[in-house]
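Undergrad: dropping a prediction and its sequence here:
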Amino acid sequence: MRKISANGKYAYVFSTYSPPIARVKPGEIVQFFTEDAFEGAVKTEKDVPSKVRGAWVNPQVGPIYIEDATPGDTLAIHILDIQPGREYGWSSLGENFGGLVANPNTPMLNPPLKEKMWIYKYQNEMMVHNEWLKFEWEPFIGTIATAPAREAIRSDYPFCQGGNMDVRDVKPGNILYLPVSVQGGYFFAGDCHAKQGDGEVCGAAIEVAGIVTLKFEVLKNMPIKNPRIESQEEIMCVGSAKPMEEAARIAYIELLSWMVELGWEKMEAYQCMSHEVQMCVGNIVNPQYSMVAKLKKEIAYRHRKPNYKG
């Protein structure tokens, strides 16, 4: 296993405008340390967001250059493991950030919330604040992407190549598929979460530093338009947009496309989706919202083509 270090220099945009910090071959297992959303600035419950949040959030390890990845390919990221990077994590309330408060895009007359910080200690596979606020360690990668061809996109934005999706299914045991738009893919990851419900409604999950172990695979000449996820039981597609129904449509369309690739006739796939697909929320607090369309493999693979890979 190869260890990669960001050397304390984290990326805050997804782009090709910085040189790669490492080059990785397909099939190589890599491990790296990711910082939390505020780059380790939270030490105590006095460190509320207005005191420690800088101009940028969600520090990313990257870019990582993936050998043999070319535009039109798909990068398969096998998420092997996530371990806590330090003995605690945190969650917070910001004055004007969250799903149930006014924000700069939807200003209202009510006063901002009072800021608050909660520290959670990692204890025996649990994240513990007190007797009532204690939750199982269920880690996932909140922000993960390949670089767009020309743009530079902020690390707190979700977009068609991943980004700050905050989708709980980007977790150990699953495979995330991302479009490749540039030579080498230019892969980024960070912003691990220890626990999060659908929507991340207060604006923060239990934010943690993480030790992430991944393996990369390049699927040649297999273009996709939006992120896909595969678990042992389901195939899933992520759409990110605003309003939320547009994010759902993107997820539905990507899933329908996947079903057609597997061998479904398009209108039969559409009919099947109406009865079998489940839709869940990644987040409702980011600049764009993320929705996840899910279908059980036992249904999706009814028409699976021989030797189909992906």
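TA: Arrived safely.
Undergrad: and the closest residue to Arg249 other than its chain neighbours, what does it touch?
TA: Counting by Cβ to Cβ, 6 or more residues apart in numbering, Arg249 lies nearest to Gly239, which is 6.7 Å off, once chain neighbours are set aside. Placement of C-beta: from N, CA and C, glycine included. Gly239 sits next to 226, 246-254, 290-291, 293 when contact means Cβ atoms under 8 Å, 6 or more residues apart in numbering.
Undergrad: among the residues you listed, name the buried ones.
TA: Among those, those classed as buried by neighbour count (16 or more other Cβ atoms under 10 Å) are 226, 247-248, 250-252, 254, 290-291, 293.
Undergrad: between which two of these is the distance greatest?
TA: Tyr252 and Ser290 (13.5 Å; Cβ to Cβ).
Undergrad: just the helices in this structure please.
TA: 49-52, 244-262, 266-276, 297-300 (DSSP state H).
Undergrad: counting contacts, what elements does the longest one pack onto?
TA: For helix 244-262, the contact count by 3 or more Cβ pairs under 8 Å, 6 or more residues apart in numbering; DSSP states H and E identifies strand 234-241, helix 266-276, strand 278-283, strand 289-296, helix 297-300 as packing neighbours.
Undergrad: ok, now with 7 Å
TA: Here helix 244-262 touches strand 234-241, helix 266-276, strand 289-296, going by 3 or more Cβ pairs under 7 Å, 6 or more residues apart in numbering; DSSP states H and E.
Undergrad: for the longest one, C-alpha coordinates in CSV please.
TA: As requested, C-alpha coordinates have been extracted for helix 266-276 and formatted as CSV (Å, rounded to 0.1, in the frame of the first residue of the first chain):
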residue,chain,number,x,y,z
LYS,A,266,-35.6,2.6,-22.5
MET,A,267,-39.3,2.8,-21.9
GLU,A,268,-39.4,-0.4,-20.0
ALA,A,269,-36.6,0.9,-17.8
TYR,A,270,-38.6,4.1,-17.3
GLN,A,271,-41.7,2.0,-16.3
CYS,A,272,-39.6,-0.1,-13.9
MET,A,273,-38.1,3.0,-12.3
SER,A,274,-41.6,4.3,-11.5
HIS,A,275,-42.2,1.3,-9.3
GLU,A,276,-38.8,0.3,-7.9
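Undergrad: Leu176 reaches Val170, doesn't it?
TA: Yes. Using Cβ atoms under 7 Å, Leu176 is in contact with Val170, at 5.4 Å.
Undergrad: can you list residues touching both of the two?
TA: 79, 144, 229 (Cβ atoms under 7 Å, 6 or more residues apart in numbering).
Undergrad: now do stretch 93-104: distance from first to last residue.
TA: End-to-end distance of stretch 93-104: 16 Å, with Cα to Cα, to the nearest Å as the criterion.
Undergrad: list the buried residues for it?
TA: Quick answer for stretch 93-104 (16+ other Cβ under 10 Å): 93-95, 97-98, 101-103.
Undergrad: quick check, nearest of the residues you listed to Leu75?
TA: Out of the buried residues of stretch 93-104, the member with the shortest distance to Leu75 (by Cβ to Cβ) is Phe97, at 31.0 Å.
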